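>>> coordinates for the following, if possible.
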Amino acid sequence: MALATPYGVAAMGKLRISGPRTRELIRTIFRRQEWQARHVYFSPFWDKNGAKLDEVCWFFFEGDRSYTGEDSLEIDAHGNPLIIRKMLEDLESRGCRLADPGEFTRRAFLNHKIDLCQAEAVLDLIHAPNDEGLAVASEQLSGNLSRKVSEWYDRLLGLLASIELGIDFSSEVQEESDVGPPIEATIEALLKEMQELRAMQGAAEQLRRGLKVVLIGEPNAGKSSLFNHLLRQERALVDAGAGTTRDFISANWVCAGQILELVDTAGLRDPESDLELQGIERSVALLEKADLALWVVDPHGPERISAQDLLAHIAPERLIRVENKCDLGKWKALTQMKEPTLEAISVSARTGEGIEALCQRVAGKIQSINLGSGPSYGINERHASILRRVEEVLATTRDPLRSSGLAAECLASDLRLALEILGEMTNPHDQEALLDRLFSQFCIGK
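Numbers count the residues shown, from 1 in each chain. All right, here's what the predicted structure looks like:
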């Protein structure tokens, strides 16, 4: 059992239960002897002592047609934390236990409702920071990666079957040398397809983490004030003294329908201490990793860092010059900047002037640096590692075929190894350690 909605005061709190005693719980909690699967019912929730805890809506899902592959019950109660706590305590007194993180999805995998690629897609779907990430995770959950792996598996299996047929009935089939070229061509095609799929990992990982937007500039330029204004909360400390921010601060920022990681960094100047030097070094490192940087400047004072200083660490198309403190009056025109090709915009982090225009500019940049059509598959590090190992086996097989040929027995052995490795993509042999690591990243209740 688990609470499947966030804990706290809300209109509704959903409890999820799965296991062989689900029907027994329905009979005792709701005092019903008959019900239909996948129908909604409205009943009091009676605790073990006969007290009514709440009036709830509940749904029963029979094992072969439930998310977990087991009899399951979902209860929609009023979202008062006190009610939810009392229900969980009552369920525990009836023999239920709290689910581990991701245990419902883990049971779905173990009961063959989904494979491992689809289970990973569930996690990606929950945490997707943008529309593209949602689309890729949804396609993977529907089985697009699993089908591609299955197709490769069938092609390798077909090769292996034809080779073993030649070994077992060598006098009744073509000579081994006659089947060499088609086998080599098939292996070559598989290698190319796997390499193309593995190349999508970088783009897929970027979709998972979202884009990083870094605020960079001199001390007292107003980076932290702008950081707070964009987030609409006092997240960073702001002070009139220079060097308030000694380390970076990050938070999620929703802009243009995407969840971006917004990072406030230490001001760039000649450091006055080792601690400040470490903060500045981290700022530069973050700038180099940024998908987009907002160079916050105070145009009313002297500039000690130049565009060239920053462009040594980031491409110009990923840098926007933000002239802050426009509420303090006029200053030199933006067209007089030394870097006319660098995009610039004026704002006031104090009054909010120009902030909407800045957000629109950021949205345009995101659109231009985004992934285009995006990757077709949500390849992660585990997938890429498996594909790399399969490619190594197939490349080892292909090279002797190109030169002097390869004994049928050796070729068959290599193909069996490639099939074994490829099978780990959807159904790993050493499941426990891998599943523990994967599902520990899930929230409780999923």
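>>> where do the helices sit along the stretch 1-150 of the chain?
22-29, 81-93, 103-110, 116-127, 131-141, 144-168 (DSSP state H, counting those that start in this stretch).
>>> meant to ask about the stretch 201-350 of the chain, not that
Under DSSP H, counting those that start in this stretch, the stretch 201-350 of the chain gives helices at 201-209, 223-231, 274-289, 307-311.
>>> of all the helices of the stretch 1-150 of the chain, which one is nearest V254?
Nearest to V254, of all the helices of the stretch 1-150 of the chain, is helix 131-141, at 12.4 Å by Cβ to Cβ. In short, each C-beta sits where N, CA and C put it, glycine included.
>>> buried ones in the closest one, by neighbour count?
For helix 131-141, burial by neighbour count (16 or more other Cβ atoms under 10 Å) applies to 132-133, 136-137, 140-141.
>>> any idea which of those residues is closest to C359?
Using Cβ to Cβ, the buried residues of helix 131-141 come closest to C359 at E132, 19.3 Å.
>>> was I right about the closest one contacting Q206?
No - taking Cβ atoms under 8 Å as the definition, E132 is not a contact partner of Q206, at 9.4 Å.
>>> just give me the neighbour total for G423.
G423: 15 surrounding residues under other Cβ atoms under 10 Å.
>>> and A99, what does it touch?
Applying Cβ atoms under 8 Å, 6 or more residues apart in numbering to A99 gives the contacts 1-2, 16, 18, 444-445.
>>> E391 touches Q195, doesn't it?
Yes - E391 is within contact range of Q195, at 6.6 Å (criterion: Cβ under 8 Å).
>>> neighbour count: the two, which is higher?
Neighbour count, other Cβ under 10 Å: between E391 and Q195, E391 has more, with 19 against 12.
>>> tell me which strands and helices the one helix or strand that one maps to is in contact with?
Assigned by DSSP states H and E, E391 belongs to helix 381-402. Helices and strands touching helix 381-402, by 3 or more Cβ pairs under 8 Å, 6 or more residues apart in numbering; DSSP states H and E, are helix 180-198, helix 201-209, helix 408-423.
>>> which among the ones you listed is found nearest to L438?
Per Cβ to Cβ, nearest to L438 of the helices and strands packed on helix 381-402: helix 201-209, 14.1 Å.
>>> sorry, back to before: need the helices and strands packed on helix 381-402 in JSON lines (columns: distance to I379 and mean pLDDT).
Listed next are the helices and strands packed on helix 381-402 as JSON lines, based on distance: least, Cβ to Cβ, whole Å; pLDDT from 0 to 100:
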{"stretch": "helix 180-198", "distance to I379": "6", "mean pLDDT": "88"}
{"stretch": "helix 201-209", "distance to I379": "4", "mean pLDDT": "85"}
{"stretch": "helix 408-423", "distance to I379": "14", "mean pLDDT": "89"}
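>>> could these be laid out in a markdown table, adding distance to L328?
Rendered in a markdown table, the data for those read as follows (distance: least, Cβ to Cβ, whole Å):
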| stretch | distance to L328 |
| --- | --- |
| helix 180-198 | 53 |
| helix 201-209 | 37 |
| helix 408-423 | 64 |
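>>> any idea how far G143 is from A128?
18 Å (Cβ to Cβ, to the nearest Å).
>>> the more surrounded of the two?
Set G143 next to A128 and count neighbours by other Cβ under 10 Å: A128 wins out with 22 against 17.
>>> the more buried one touches Q140, doesn't it?
No - in this structure, A128 is not within contact of Q140 by Cβ under 8 Å, at 10.9 Å.
>>> run through who's touching the helix or strand of the chain with the lowest mean pLDDT.
Across the helices and strands of the chain, mean confidence by mean pLDDT, DSSP states H and E is lowest for helix 431-439: a mean of 75. Helix 431-439 is contacted by residues 100-103, 105-106, 109, 116, 119-120, 123, 382, 428 when judged by Cβ under 8 Å, 6+ apart.
>>> one more pass at 7 Å, please.
With Cβ atoms under 7 Å, 6 or more residues apart in numbering as the test, helix 431-439 has contacts from 101-103, 105-106, 119-120, 428.
>>> what does stretch 143-154 give?
Outside stretch 143-154, the residues within contact range by Cβ under 7 Å, 6+ apart are 115, 117-118, 190, 377, 419, 422-423, 425-426.
>>> one step back: tell me which of the helices of the stretch 201-350 of the chain is the most buried.
With neighbours taken as mean count of other Cβ atoms under 10 Å, the helices of the stretch 201-350 of the chain reach their highest mean count in helix 223-231, at a mean of 23.
>>> what helices or strands is that one leaning on?
strand 212-217, strand 249-255, strand 258-264 (3 or more Cβ pairs under 7 Å, 6 or more residues apart in numbering; DSSP states H and E).
>>> my read is that G13 contacts T5, right?
Yes - when contacts are counted by Cβ atoms under 7 Å, G13 is listed as touching T5 (5.3 Å).
>>> between these two, which one's more packed in?
G13 (26 against 18).
>>> the more buried one - nearest residue in space that isn't next to it in sequence?
Nearest residue to G13 in three dimensions, chain neighbours excluded: G79, at 4.2 Å (Cβ to Cβ, 6 or more residues apart in numbering).
>>> what's opposite that neighbour in the beta bridge?
Per DSSP bridges, the residues bridged to G79 are A10.
>>> begin at 282, not 1, for the rest of this chat.
Let's use 282 as the start, then, which means that last one is G360.
>>> what is the neighbour count of it?
Neighbour tally, G360, other Cβ under 10 Å: 18.
>>> what do you get for W327?
Using other Cβ under 10 Å, the number of residues around W327 comes to 16.
>>> was I right to think it contacts R312?
Yes - look at W327 against R312 with Cβ under 7 Å: they come within range, at 6.2 Å.
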